[in-house]
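Let me see the structure of the following:
(chains A, B, C and D)
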There are 2 protein chains.
Amino acid sequence: MEKEIELFRGELKKIHLRVTSQRLKIVEAFLKTEKHITCDELYLIVRRNHPDIGYTTVYRTLKLIQETGLAREADLGDKVLRLEHEFGHKHHDHLICLKCGRFFEVFDPDIELLQEKLARKHKFNPIRHKMDIFGYCQKCSLKQ
Amino acid sequence: MEKEIELFRGELKKIHLRVTSQRLKIVEAFLKTEKHITCDELYLIVRRNHPDIGYTTVYRTLKLIQETGLAREADLGDKVLRLEHEFGHKHHDHLICLKCGRFFEVFDPDIELLQEKLARKHKFNPIRHKMDIFGYCQKCSLKQ
DNA sequence: AGTATAATTGAAAATGAATTTCAATTTCAA
DNA sequence: TTGAAATTGAAATTCATTTTCAATTATACT
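Below you'll find the model as predicted:
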């Protein structure tokens, strides 16, 4: 976690923003979380230990966390902003269960390659992509 | 378009909903549109010819259009509900330009196959998926 | 240290799309 | 024809996100 915090400090300084105690507390809370957290959820966590940090500050810090590269947006299909850890985490796609809502992170280099080819075929310069497969996880498939 | 409207009528009757003039006008307007329309946009179109149809009715009819299978949700990454024609249109993925916002519909059977395999490998039963590749289209790549 | 400057904070308000409420109206089926 | 049920549209509500603003705090520069 030290590395991430150092990165955060450095990036803030680069753009002449201040490393405040609130921001540090929020980043630390974020780094400790499981993935795909919403702003609201993070606010509730932060508030437990630091009741005087407001929602707005959490929201704004979450934006900074994105900008510094520590997190990326994870769209799970509901229309809520979710962030997942980015630093030291490789790109992956999602299998999302339509019944229980759980999701699994997966990666397939062959698909990645074909995606690149597909884009090129259309004279398109790909930067990033998002692939979510919806269906039923093993447990929910059995229950049905 | 006749076929689609017949389907709509039939589906409504199945669930004991009424085929009203408002609903028909909204469906017709939807069927005439280009793809990936928002509720707001459709409302504005409908209002041109039928000023007495309200936003709420358009919104509710859009839900019905989805339920009857004439449209599917198209998530373009902004958090706005967009619908695209479904009936008679094959599944496809999107190339979305980060600069001009235009998008292109693409399809690659090899990727589809690998997606299926990937899911199976994780004991996951896939139902549908969403794949969006973000980047720069040819025109915007040149301009950069 | 003292001061001017700039950034930060958090409450509250604003925004904007999605959704619900409700009273009035319309349609359907018997 | 009439009672029950569905539909409509304006307005209100919800909910996440984003902005505003006045007060506070930190920083840089004498």
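
So chain A: which segments form each domain?
Per automatic domain parsing, the domain ranges recorded for chain A read A:2-85, A:93-143.

Quick check: closest non-adjacent residue to A:Glu86.
Once flanking residues are discounted, A:Glu86 sits nearest to A:Arg72: 4.5 Å by C-beta to C-beta, 6 or more residues apart in numbering or on different chains. No exception for glycine: its C-beta is placed from N, CA and C like everyone else's.

Doesn't that neighbour lie inside a strand?
Yes - under DSSP: H, G, I helix; E, B strand; the rest coil, A:Arg72 sits within a strand.

Look up how far A:Leu24 lies from it.
A:Arg72 sits 21 Å away from A:Leu24, going by C-beta to C-beta, to the nearest Å.

What of A:Lys121?
For A:Lys121, the distance to A:Leu24 equals 47 Å [C-beta to C-beta].

what about these two, which has more around it?
A:Leu24 (14 against 10; other C-beta atoms under 10 Å in any protein chain shown).

Tally up the residues packed near the nearest residue to that one once chain neighbours are set aside, please.
Once flanking residues are discounted, A:Leu24 sits nearest to A:Ile5: 7.1 Å by C-beta to C-beta, 6+ apart. As a burial measure, A:Ile5 scores 15 neighbours (other C-beta under 10 Å).

can you check A:Arg48 too?
Counted with other C-beta under 10 Å, the neighbours of A:Arg48 add up to 8.

ok, now A:Glu2?
By other C-beta under 10 Å, the residues close to A:Glu2 number 7.

same for the helix or strand harbouring A:Phe8, what does it pack against?
Using DSSP states H and E, the element containing A:Phe8 is helix A:2-14. Contacts defined by 3 or more C-beta pairs under 8 Å, 6 or more residues apart in numbering or on different chains; DSSP states H and E place helix A:2-14 against helix A:21-32, helix A:55-67.

Mean pLDDT for these - can I get that in TSV?
Listed next are the helices and strands packed on helix A:2-14 as TSV, based on pLDDT from 0 to 100:
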stretch	mean pLDDT
helix A:21-32	96
helix A:55-67	96
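
Quick one: the ones you listed as CSV, columns for distance to A:Thr38 too.
Output for those, formatted as CSV (distance: least, C-beta to C-beta, whole Å):
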stretch, distance to A:Thr38
helix A:21-32, 11
helix A:55-67, 9
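
So which bits of the helix holding A:Phe8 are buried?
For helix A:2-14, the neighbour count (16 or more other C-beta atoms under 10 Å in any protein chain shown) marks A:4, A:7-8, A:11-12 as buried.

Contacts only, for the residue lying closest to A:Arg47 once chain neighbours are set aside.
Once flanking residues are discounted, A:Arg47 sits nearest to A:Ile53: 6.8 Å by C-beta to C-beta, 6+ apart. Listed by C-beta atoms under 8 Å, 6 or more residues apart in numbering or on different chains, the contact set of A:Ile53 reads A:22, A:25-26, A:46-47.

DNA strand D next: which of these are close?
With the criterion set as C-beta under 7 Å from any atom of the strand, no member of those is near DNA strand D.

Tell me how many other residues surround the closest residue in space to A:Ala71 that isn't next to it in sequence.
The shortest distance from A:Ala71 to any residue other than its chain neighbours is 4.1 Å, reached at A:Leu83 (C-beta to C-beta, 6+ apart). If you count neighbours by other C-beta under 10 Å, A:Leu83 ends up with 23.

tell me the contacts of A:Leu83?
Going by C-beta under 8 Å, 6+ apart, A:Leu83 touches A:30, A:36-38, A:62, A:65-66, A:71-74.

Which of the three states applies to it?
Strictly by three-state DSSP, A:Leu83 counts as strand.

Pick out the residue nearest the middle of chain A.
A:Glu84 (1.8 Å; C-alpha atoms, centre = their mean).

which neighbours does the longest strand anywhere in chain A have in its sheet, and in what orientation?
Looking across chain A with DSSP state E, the single longest strand is strand A:125-136. Note on strand A:125-136: by DSSP bridges, its sheet partners are strand A:93-97 (parallel), strand B:125-136 (antiparallel).

Quick one: name whatever helix or strand follows it.
For strand A:125-136, the following helix or strand on the C-terminal side (DSSP H and E) is helix A:138-143.

Can you get me a residue count around A:Ile26?
The local packing of A:Ile26 (other C-beta under 10 Å) involves 25 other residues.
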